[in-house]
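K.L.:
Predicted model, plus sequence, below.
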Amino acid sequence: MPTYVVTAATGRLSKQQKNEIAACITNIHCSVTGAPAYFAQVLFNDVPEGNYFVAGKPLSADILFIHGQIRAGRSLETKQNMIFQILESTAKISSMDQSSIQVYIADFPGEQIAEWGRILPKPGQEAEWITSMPDQIRQRMESLLN
């Protein structure tokens, strides 16, 4: 379920930087929460000049936004840990000052999310949820890890 959307001006991030940021966010989320990697999604929005505004004015600064949506049930400490790790890692990968990166994490009850054709489990109940999947879906999920 975790979906992280990284928004930057078109051309700000190279393909290599996007690959590294996606891997980093996935690794941070999974190592901190214990969630399987095939739940993690990282999307990039490249915003063309003239379509990016801050304070009602066209963006003139080098800013990167990361919006994470995760399942509810994680402690504030866990969420802040992820925020700081994502902030630090993304700054390093993108060669940006941390003050130019904004990271948001919002959580939603798993009962309000469907993935892989099913309502998501509560944190910590992933193993039972995965075991209950038909073999074909479970194999498709696991193939993403290779």
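P.N.:
Great, that's in hand. Everything numeric in this text was worked out from a predicted model, so none of it was measured.
K.L.:
going forward, measure contacts between C-alpha atoms and count neighbours the same way
P.N.:
Fine.
K.L.:
what's the pLDDT at the closest residue to Trp116 other than its chain neighbours?
P.N.:
Using C-alpha to C-alpha, 6 or more residues apart in numbering and skipping residues adjacent in sequence, the residue nearest Trp116 is Ile137, 7.3 Å away. At Ile137, the pLDDT value in this model is 91.
K.L.:
again with Glu126
P.N.:
pLDDT for Glu126: 82.
K.L.:
tell me the pLDDT at the nearest residue to it once chain neighbours are set aside?
P.N.:
Computed as C-alpha to C-alpha, 6+ apart, the closest residue to Glu126 that is not its neighbour in sequence is Ala35, at 7.5 Å. Predicted confidence (pLDDT) for Ala35: 83.
K.L.:
which of the residues in the helix or strand containing Ala91 are buried?
P.N.:
Counting by DSSP states H and E, the element that carries Ala91 is helix 76-94. Within helix 76-94, the residues scored as buried using 16 or more other C-alpha atoms under 10 Å are Lys79, Met82, Ile83, Gln85, Ile86, Leu87, Ser89, Thr90, Ala91, Ile93, Ser94.
K.L.:
ok, now stretch 119-131?
P.N.:
Leu120, Pro121, Pro123, Ile130.
K.L.:
what about the chain, any weak spots by pLDDT?
P.N.:
60-61 (pLDDT under 70).
K.L.:
follow-up on the earlier one: what two of the buried residues of stretch 119-131 are the furthest from one another?
P.N.:
Using C-alpha to C-alpha, the two most remote members of the buried residues of stretch 119-131 are Pro123 and Ile130, lying 12.5 Å apart.
K.L.:
Each with direction, which strands does the helix or strand Asp107 falls within pair with?
P.N.:
For Asp107, the element it lies in under DSSP H and E is strand 101-108. Strand pairing for strand 101-108, determined by DSSP bridges: strand 64-71 (parallel).
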